[in-house]
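> This is the structure alone, sequence omitted:
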Ligand code: 16G
Ligand code: ZN
């Protein structure tokens, strides 16, 4: 049978549901019943990515992260373990919007030719290998089968199904497998993570005491993964909360809930007063804790970025390493965190980029070692091959603890994608190193300025244009001036306005010296947005 007939016949089993499908920052994501045909086309595109690299594995992860249970989604993992290159997103969109088999085959042939992969259409095809992973949602199993159907329509393509895994685990097996040219197992991930954590926490391997931690798994895939990792983590006494009740996936628990609502996750009362919250696919982490005065404390991505930045900078100095270390944030980073970072690093090594993980990750790679986090808890530390080599060289004669610590930190961190589990393990070890509890960490480096995030519907949010780092509005004319005048009336007042990329609203951020002032500033800015940008609803009263 010709390739054309194979694809047409197989695509008929996955009927296209009319719609216009976009590959967003998090891939294709929508109600799960719409995704069947899209999954098939994603299988084909992942094959093209692998073909382009002569058979290095690409990856397909089926998950809708922090979204409700009836949603699902899919992201393609590039052969280097990172996200799909941006210039390939248009190809994913083209395939996914093919309404029948003939159209799909044509689109596939065009993309194959445009990307220099025409051999995939012939019997001279390169080898092809795709790794597949999925979360625990009820719809994930069938959607994964649709991806496999897409892959199987190419006679030469091979795949390996890793089953239920976190998003970062799938990125890890792709990254490490291709780096070392040997297929990795999820067991390898557990062993490697546990070994580097244990050496980071206890370089001399003498400790017998265990740190107690409570992990809120958002009732997502992180629960199953933590259950398997737990026996490897001999130095931790772990209690899992919100582990696997799918009817409560991301409901009242998980990183997104805690960070956005500023509330403790469900079952917090079963903890010792501090809970680590993963999101639904375990690529984000934030920590909530009860302060000594009984109030809610949040340790978010900014706090983790500054902790890691401080730790790495100090260990570089101790080990006489001269690496160009940078920290990347977005405009949402608390002003106090940026001020702190600029006081300990060269100010030009503290960067601000647009919202969205891909922008942060990309910028972080401008540095030898780049720490990046969004306030929502998605982040990691990137490093160049050369930087990793210099860490290896500097820590070759592992004679002192600081060398072992530095090396183990780099071994533990997942540099290709934010990994909630590796990130929280690194946090635990670094806190232990400084001898800090969570509240000390919260107050020691800097104290957050009170801040408010709010939003407003306007006639057309696309009239708002900002600078590339989203800190200033460049159009409409004169808007920024008014905004700055309003902000200047408040102590330490700072505010910015940007069109949301995921909702039909304009977002407003405001911070100031006191909570009262931050609220009042946000209220003033909402009024400005309403008046100058044609608000279509009355601003909320804060
Ligand atoms: C997406 C981004 C998230 C960002 C959010 C902002 C990824 C994987 N996800 O969910 O990082 O914080 O968009 O949404 O990049 P907004 O544009 O509506 O404020
Ligand atoms: Zn996620």
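Happy to help now that I have it. This one's a predicted model, so the numbers in the text were calculated from it and none came from an experiment. Ligands and ions are numbered 1, 2, ... in the order given.
> Residue numbers of this protein in contact with ligand 1?
25-26, 355-358, 374, 376, 378, 500-503, 507 (CB under 6 Å from any ligand atom). Just so you know, the C-beta spots here come from the backbone N, C-alpha and C atoms, and that holds for glycine as well.
> ok, 8 Å please
Proximity of the chain to ligand 1 is confined to 24-26, 65, 283, 330, 332, 355-358, 374, 376, 378, 498-503, 505, 507 under the rule CB under 8 Å from any ligand atom.
> Kindly give a single PyMOL line that selects the buried subset of these.
The command below creates a PyMOL selection of those among the residues of the chain next to ligand 1 that count as buried (16 or more other CB atoms under 10 Å):
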select buried, resi 26+65+283+330+332+355+356+357+358+374+376+378+498+499+505+507
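> Who does the closest residue to residue 474 other than its chain neighbours form a beta bridge with?
Nearest residue to residue 474 in three dimensions, chain neighbours excluded: residue 465, at 5.1 Å (CB to CB, 6 or more residues apart in numbering). For residue 465, the beta-bridge partners are residue 475 (DSSP bridges).
> where does residue 465 land on pLDDT?
Note for residue 465: predicted pLDDT of 97.
> likewise residue 414?
So residue 414 comes in at 96 (pLDDT).
> Show the contacting residues for it.
Residue 414 makes contact with 168, 171, 172, 175, 380, 422, according to CB atoms under 8 Å, 6 or more residues apart in numbering.
> Which of the three states applies to the fifth one?
Going back to what we said before, that points to residue 380. What DSSP: H, G, I helix; E, B strand; the rest coil gives for residue 380 is strand.
> Quick check, it in contact with residue 412.
No: judged on CB atoms under 8 Å, residue 380 makes no contact with residue 412 at a distance of 10.7 Å.
> which neighbours do those two share?
Contacts common to residue 380 and residue 412, judged by CB under 8 Å, 6+ apart, are residue 422.
> which element is residue 386 on?
Residue 386 is located in helix 385-394, with elements delineated by DSSP states H and E.
> does residue 305 count as helix, strand or coil?
What three-state DSSP gives for residue 305 is helix.
> which residues touch the spatially closest residue to it that is not a sequence neighbour?
Leaving aside its sequence neighbours, residue 305 sits nearest to residue 373 (CB to CB, 6+ apart; 4.0 Å). Under the criterion of CB under 8 Å, 6+ apart, the contact list for residue 373 reads 301, 302, 304, 305, 329, 360, 379, 380, 418.
> Residue 91 too?
Residues in contact with residue 91, defined by CB under 8 Å, 6+ apart, are 45, 48, 111, 114, 115.
> So what does the fourth one look like in phi/psi?
Backbone torsions of residue 114, given as degrees, to the nearest 10, read phi -60, psi -30.
> could you dump the contacts of residue 373 to CSV with pLDDT and neighbour count?
Formatted as CSV, the contacts of residue 373 follow (pLDDT from 0 to 100; neighbours: other CB atoms under 10 Å):
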residue, pLDDT, neighbour count
301, 96, 28
302, 96, 28
304, 98, 26
305, 97, 25
329, 97, 27
360, 97, 29
379, 98, 31
380, 98, 29
418, 97, 29
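> And those residues, which is closest to residue 541?
Nearest to residue 541 among those is residue 302, at 27.5 Å by CB to CB.
> if you skip the residues just before and after it, what's nearest to residue 174?
Nearest residue to residue 174 in three dimensions, chain neighbours excluded: residue 59, at 4.4 Å (CB to CB, 6+ apart).
> isn't the one you found right up against residue 172?
No: in this structure, residue 59 is not within contact of residue 172 by CB under 8 Å, at 9.8 Å.
> of these two, who's got more company?
residue 59 (31 against 26; other CB atoms under 10 Å).
> Show the contacting residues for the more buried one.
By CB under 8 Å, 6+ apart, the residues touching residue 59 are 46, 76, 77, 78, 130, 131, 132, 133, 170, 171, 173, 174.
> Out of those residues, name the ones that lie in helices.
Among the contacts of residue 59, the residues falling in helices (DSSP state H) are 46, 170, 171, 173, 174.
> Output the residue of the stretch 1-150 of the chain whose distance to ligand 1 is smallest.
Ligand 1 sits closest to residue 25 of the stretch 1-150 of the chain, with a gap of 3.6 Å, by CB to the nearest ligand atom.
> Model confidence for that residue, exactly?
So, for residue 25, pLDDT stands at 77.
> Start at 108, not 1
New numbering, starting at 108: the last item is residue 132.
> For it, list the residues it contacts.
Neighbour list for residue 132: 463, 464, 465, 608, 609 [criterion: CB under 8 Å, 6+ apart].
> Tell me how far the second one lies from ligand 2.
As for residue 464, its distance to ligand 2 is 9 Å (criterion: CB to the ion, to the nearest Å).
> Excluding chain neighbours, give the residue nearest to that residue in space.
In space, residue 464 is closest to residue 485, 5.4 Å off (CB to CB, 6+ apart).
> give me every residue that touches the residue of the stretch 208-357 of the chain found nearest ligand 2.
Relative to ligand 2, the nearest point of the stretch 208-357 of the chain is residue 274 (6.2 Å; CB to the ion). Residues near residue 274 by CB under 8 Å, 6+ apart: 168, 170, 172, 182, 240, 242, 388, 389, 390, 524.
> got it, and residue 459?
With contacts defined as CB under 8 Å, 6+ apart, residue 459 is in contact with 435, 436, 437, 438, 440, 445, 576, 578.
> Leaving out sequence neighbours, find the closest residue to residue 463.
Residue 463 sits nearest to residue 132 (CB to CB, 6+ apart), 4.8 Å away.
> Repeat that for residue 643.
residue 564 (4.9 Å).
> Near ligand 2, which residues of this structure are found?
Selection of the chain residues close to ligand 2 by CB under 5 Å from the ion yields 172, 386, 388, 390.
> Filter the residues you listed down to just the ones in strands.
Among the residues of the chain next to ligand 2, no member is found in strands (DSSP state E).
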